[in-house]
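S.K.: pasting the sequence and the predicted model now:
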Amino acid sequence: MRDDEWEPTLTMKRALIAERRSEVVCYRDDAHEVAQEAGELVLSWLGKSSANSGVDVLVDAALAVPDDLTVLRSMPDDRLPFVAGVVCSPSRWKLAEKIGHDMLAVHKPVALYAEQIGGAVDTTLERLSPEKPVWRSNWTLEDHPALFQPSSPGRALVDHPSELWIRIERETLRRLPRTRGILFTIRGFQEPLSTYVRRGPETIRTLRELVARLPDSLARYKSVYDYRAATVSWLDSLLASH
Ligand code: HEM
């Protein structure tokens, strides 16, 4: 998605890949072929190519778009482990801890995943075809503005909900025709909550309902729990003033 954040995000990614490479580029030894195909696909979309091979092509591609690029490999026994990634905008998770794992293990910290989401994810991945990419998006509230947040601070960082940020991710999934692996892309957007609510009462009302109705376990996972009561009251006061 082309926007004003494209260039600043690329600048951030260049710095992270140069200075903290082991945290943002991780892969398994058997990832090169599928990572190269994924990187070539992204570069070809931009009309570009790479002189490199293997995972280095994925890194070149990740330096050309603001999105994070992750790759699943299709194994002979039909498993789809997460084998390579260039991830500069993690929302409080560590790339190195995820490499080599299947979807259930990757999503272990995600509340209600195994019970309510895992089966649908597996089916979506199995059915994915090169001709029909799919996308999803998610949201969370964060108390720090950085796109690169590999760990959770473990305590509340702000006093008032107007100081929070809303983080929205746009994710795409596509089957790779040659290796039959999967490219999963993640683009993170951070916006001050105080700006986001200027979209109007409909937006405020929807957010208020989402925040109020999140099951506690999900609210904890999304770092919303500590701020929930104050955020709902603040959103109510904004609605009252409209
Ligand atoms: C249809 C496909 C998928 C669905 C429905 C899905 C669902 C989710 C959900 C619900 C979360 C919690 C955050 C949120 O609200 O989004 C999450 C987190 C995450 N997902 Fe997925 N996911 C999918 C595919 C993938 C794939 C292919 C990967 C491959 C790397 C992946 C990696 C992750 C990671 C690393 C997290 C953060 C986990 C943590 O906090 O430790 N997801 N996913």
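M.R.: Great, that's in hand. Numbering: from 1, shown residues only.
S.K.: three-state assignment of Tyr196?
M.R.: On the three-state scheme (DSSP: H, G, I helix; E, B strand; the rest coil), Tyr196 is labelled helix.
S.K.: any idea which element the residue of the chain found nearest the ligand lies in?
M.R.: The chain approaches the ligand most closely through Asn138 (3.1 Å), counting by C-beta to the nearest ligand atom. No exception for glycine: its C-beta is placed from N, CA and C like everyone else's. Using DSSP states H and E, Asn138 sits in strand 134-142.
S.K.: that strand: what's the following helix or strand?
M.R.: Criterion used, DSSP H and E; the element after strand 134-142 is strand 165-175.
S.K.: what lines up beside that next one in the sheet?
M.R.: Strand pairing for strand 165-175, determined by DSSP bridges: strand 134-142 (antiparallel), strand 182-192 (antiparallel).
S.K.: out of the ones you listed, deepest packed?
M.R.: With neighbours taken as mean count of other C-beta atoms under 10 Å, the strands paired with strand 165-175 reach their highest mean count in strand 182-192, at a mean of 20.
S.K.: residue numbers of this protein in contact with the ligand?
M.R.: By C-beta under 6 Å from any ligand atom, the part of the chain that sits against the ligand consists of 70, 72, 82, 93, 98, 106-107, 109-110, 117, 121, 124, 136, 138, 184.
S.K.: okay, buried residues for the lowest-mean-pLDDT helix or strand in the chain please.
M.R.: Within the chain, no helix or strand scores below helix 216-221, which has a mean of 94 by mean pLDDT, DSSP states H and E. For helix 216-221, burial by neighbour count (16 or more other C-beta atoms under 10 Å) applies to Leu218, Ala219, Tyr221.
S.K.: what's the answer for stretch 111-120, then?
M.R.: Neighbour-count burial for stretch 111-120 flags Ala111, Tyr113 (criterion: 16+ other C-beta under 10 Å).
S.K.: about what we covered before: just send the buried residues of helix 216-221 back as JSON lines, with distance to Ser241 too.
M.R.: Shown next, in JSON lines, are these (distance: C-beta to C-beta, whole Å):
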{"residue": "Leu218", "distance to Ser241": "29"}
{"residue": "Ala219", "distance to Ser241": "26"}
{"residue": "Tyr221", "distance to Ser241": "31"}
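S.K.: helices of this structure, residue ranges please.
M.R.: Assigned by DSSP state H, the chain shows helices spanning 6-19, 21-24, 32-45, 55-62, 95-98, 103-106, 118-127, 193-196, 201-213, 216-221, 228-240.
S.K.: center of this protein - which residue?
M.R.: Ile186 (4.2 Å; C-alpha atoms, centre = their mean).
S.K.: would you confirm that that one contacts Pro66?
M.R.: No. The pair Ile186 / Pro66 is not scored as a contact, 10.1 Å apart, by C-beta atoms under 8 Å.
S.K.: what's the burial count for Leu147?
M.R.: For Leu147, the count of nearby residues is 21 (other C-beta atoms under 10 Å).
S.K.: pLDDT at it, what is it?
M.R.: We note a pLDDT of 98 for Leu147 in this prediction.
S.K.: same check, this time on Lys222
M.R.: What the model reports as pLDDT for Lys222 is 89.
S.K.: for it, give me its contacts.
M.R.: Counting by C-beta atoms under 8 Å, 6 or more residues apart in numbering, Lys222 touches Thr140, Leu141, Leu214.
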